[in-house]
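Chemist: Just the structure for this:
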Amino acid sequence: MFQDDPYLLPRSYSEFRLFSLSKESGKNVAKYMVNEFPQFFEKDFAEPHIPCLMPENLAPQIEEVSEAALKERIQLRKVKASVDMFDQLLQTGTTLSLETSNSLLDLLCFYGDREPAREDQPDQKKELEEPEEETPDQRKQRGRSWKASGFIGPKWRENNNAERIFNLMPEKNAHSYCTMIRGMVKHGACVRAHDMYVDLLNDRHTADVYTFNALISAVPQVKENYTERWELVKELLNHMVEQKVQPNLLTFNAVLKTLRKCGNMAKGLSLRVLREMKALDIEPSLATFEHLLAIFHKSGSMEILYEVMDEIEGKTFVAQDPEDANFFVSAMRMCLNLKDVELAYRLHKVMETGDNWKLIGDAQHLSLYCAKFFTLLCMMEQLDVILKWYKELVPSHFYPDARAMWAFLQALDTANHLEMVPQIWKDIKQLGLSNRLELLEEVLALMAREMHPQETQMSFADCAADVKSVFETRERNQVPLGWTASTLGNVAILFSRVGRTQEAWNMLELFKKSNRIPSDKVVNEFLTCTKQSNSPDQAVELVKLAAAYSLPTTAKLARRVREEFELSEEQKKALEAAEPQCSDSSDSDSD
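Modeler: Numbers count the residues shown, from 1 in each chain. Reported below is the predicted structural model:
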């Protein structure tokens, strides 16, 4: 997808998304230039001819006011121009065919009576619009998140052009009503859609299966009570039987999706729905199983996943429902909650069977799936298995987030292979996670917790210096990281253990600048470092620093310095001058 150049490859999901959008934006700009200035692209050098590379003819060719002109504008998906042409035909007294009127309704209901966004159109400032009145549906949903209601895109406006044209139609058939109902449901006017369905029945028409699917999916927005929701669903299903409308897979998926919002009663009802599907010989899709998992998960019964896995293992699926893409992420989330790595392996095998991988969804879905799978592996598997999957999944399938990398560090700790922490730190930087304080603290804490062989300690110290540079570097548009007592102390310890005395002392001085207090362990580690380098001056300065911080171990430090170093008379006086401070502080503590 991207150029085969390490510098141009994304290192994190945010960069992947940015690069993908940039690439798509470039394509759209190219399309815009070709379609806006077709006179510069008239020569066709391609053999054979490639129509998609030539300018699109988006301008209407028929100028006179006629039904043919209206059909042309509908074909070109020009909403405003189609409505204007309809009004002109209405003024001239032209009678439109029912087919043309229904085509115009299809256009208006699909796009919510708004001009569709062109793929090649660059971002432009939106025209100022008059404030819209709230419809009864919108007033009912006030205070509820629009996204949470399950509907996206423009909202249905009351008395819009679709409703106006529908009311002006001298003749209406079932298609007219069904188009209006599906448009209302799509754009969130669920109560009005059910009212329109009543009008359809009063006009002695029958709805098609797609209209019933839309009405069933809108039930949670129409009824608040769980029992009332299920009663309305049953009523619609009975109407399907009366009108001899054969349900399809999407009908049962809509019922199951509605049951997800019916509380504890959904568990038993969902099994009845599955039995009905089996009786009608309708094979479930991945969305069917995803709804089932969600229903049982809410009631605390996650064991349903084992039965679902028994059902889908070895099978290949095709996309039949837009929500098929949610299954693998939801199932892997349940595997993580159950902490069942064997079940996760079975699920991953299903995903790799045939073309099932195509049903995992977009890059974000794939990243969520892999992140949960990898986190589970870090919790339950041996390190060699974790490393195998890490090399396989990162970065070809996903970019780990901070939680996944934190779980990876915990796996290294559990396996007692902390010598790999510096290498993981390099990956953390490459993934753009070096600004996450919790990761930096964990990296430093693991390296500083206990002593290691000298070679490992050297690599730890180099890693600590790299972490220190992250704190000292201020990235543009980012809040600088603040030193904590633990990060300062761990860096000082790692420097002290390899004899980098001056760098360790610089870290101790940073405690005062950052208004932090060093721990006893930090001070003792630095004193050991000064002893190894035979630096009595630094040892005396350390006692002064401890006295300034009123550390309770100051007296013990002074005693160690006397016993372990050969001090000059001047150094002894300096040490004695620091001792009254620590003795005074200890006396006040005893009081």
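Chemist: residue contacts, Val255?
Modeler: If you count contacts by CB atoms under 8 Å, 6 or more residues apart in numbering, Val255 has them with 216, 233, 237, 273. C-beta coordinates here come from the backbone N, C-alpha and C atoms, glycine included.
Chemist: ditto for Ile74
Modeler: Ile74 neighbours (CB under 8 Å, 6+ apart): 82, 100, 103-104, 107.
Chemist: if we can go back for a sec, may I ask which of the contacts of Val255 has the most neighbours?
Modeler: Among the contacts of Val255, Ile216 has the most neighbours (other CB atoms under 10 Å), with 25 neighbours.
Chemist: Let me know the pLDDT of that residue.
Modeler: Per-residue pLDDT puts Ile216 at 96.
Chemist: quick one: stretch 390-407 to chain centroid distance?
Modeler: Mean-position distance between stretch 390-407 and its chain equals 15 Å (CA atoms, centre = their mean, to the nearest Å).
Chemist: try stretch 464-474
Modeler: 29 Å.
Chemist: Check what contacts that stretch and list those residues.
Modeler: By CB under 8 Å, 6+ apart, the residues outside stretch 464-474 that reach it are 425, 429, 434-435, 440, 443-444, 447, 480-481, 483, 487, 490-491, 494-495, 503, 507.
Chemist: Out of those, which sit inside helices?
Modeler: Counting by DSSP state H, the contacts of stretch 464-474 place 425, 429, 440, 443-444, 447, 487, 490-491, 494-495, 503, 507 in helices.
Chemist: Turn the residues you listed into TSV, columns for pLDDT.
Modeler: Shown next, in TSV, are the ones in helices among the contacts of stretch 464-474 (pLDDT from 0 to 100):
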residue	pLDDT
Trp425	94
Lys429	89
Leu440	94
Val443	95
Leu444	95
Met447	95
Thr487	93
Asn490	94
Val491	94
Leu494	94
Phe495	93
Glu503	92
Met507	91
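Chemist: tell me, how many neighbours does Leu292 end up with?
Modeler: Here the number of neighbours of Leu292 (other CB under 10 Å) works out to 25.
Chemist: where does the stretch 151-300 of the chain dip in pLDDT?
Modeler: Confidence mapping of the stretch 151-300 of the chain against pLDDT under 70 gives the ranges 151-153.
Chemist: just the helices in it please.
Modeler: Along the stretch 151-300 of the chain, counting by DSSP state H, counting those that start in this stretch, helices occupy 161-168, 174-186, 190-202, 209-217, 219-222, 226-242, 249-259, 266-279, 286-298.
Chemist: could I get those helices as CSV with distance to His49?
Modeler: As requested, these are exported to CSV (distance: least, CB to CB, whole Å):
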stretch, distance to His49
helix 161-168, 39
helix 174-186, 37
helix 190-202, 45
helix 209-217, 37
helix 219-222, 49
helix 226-242, 48
helix 249-259, 39
helix 266-279, 48
helix 286-298, 40
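Chemist: do you know which of those lies nearest Leu359?
Modeler: For those, distance to Leu359 was read as CB to CB. The smallest value, 5.9 Å, belongs to helix 286-298.
Chemist: average model confidence for the helix or strand following that closest one?
Modeler: Past helix 286-298, further along toward the C-terminus, the next helix or strand under DSSP states H and E is helix 304-312. Helix 304-312 shows a mean pLDDT of 92.
Chemist: Kindly export the helix or strand just after helix 304-312 (C-alpha atoms) in PDB.
Modeler: As assigned by DSSP H and E, the chain's next helix or strand after helix 304-312 is helix 327-338. Included here for helix 327-338 are C-alpha records, laid out as PDB according to Å, rounded to 0.1, in the frame of the first residue of the first chain:
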ATOM      1  CA  PHE A 327     -17.700 -10.800  14.900                       C
ATOM      2  CA  PHE A 328     -14.000 -11.500  15.100                       C
ATOM      3  CA  VAL A 329     -13.200  -8.500  17.300                       C
ATOM      4  CA  SER A 330     -16.100  -9.400  19.700                       C
ATOM      5  CA  ALA A 331     -15.200 -13.100  19.900                       C
ATOM      6  CA  MET A 332     -11.500 -12.300  20.600                       C
ATOM      7  CA  ARG A 333     -12.500  -9.900  23.300                       C
ATOM      8  CA  MET A 334     -14.500 -12.700  25.000                       C
ATOM      9  CA  CYS A 335     -11.400 -15.000  24.600                       C
ATOM     10  CA  LEU A 336      -9.400 -12.400  26.400                       C
ATOM     11  CA  ASN A 337     -12.000 -12.100  29.200                       C
ATOM     12  CA  LEU A 338     -12.100 -15.900  29.500                       C
END
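Chemist: and helix 327-338, what does it pack onto?
Modeler: Here helix 327-338 touches helix 286-298, helix 304-312, helix 341-352, helix 363-380, going by 3 or more CB pairs under 8 Å, 6 or more residues apart in numbering; DSSP states H and E.
Chemist: ranking these by burial, who's on top?
Modeler: When the helices and strands packed on helix 327-338 are scored by mean count of other CB atoms under 10 Å, the highest mean neighbour count falls to helix 286-298 (a mean of 23).
Chemist: That one - contacts with which helices or strands?
Modeler: Using 3+ CB pairs under 8 Å, 6+ apart, helix 286-298 sits against helix 249-259, helix 266-279, helix 304-312, helix 327-338.
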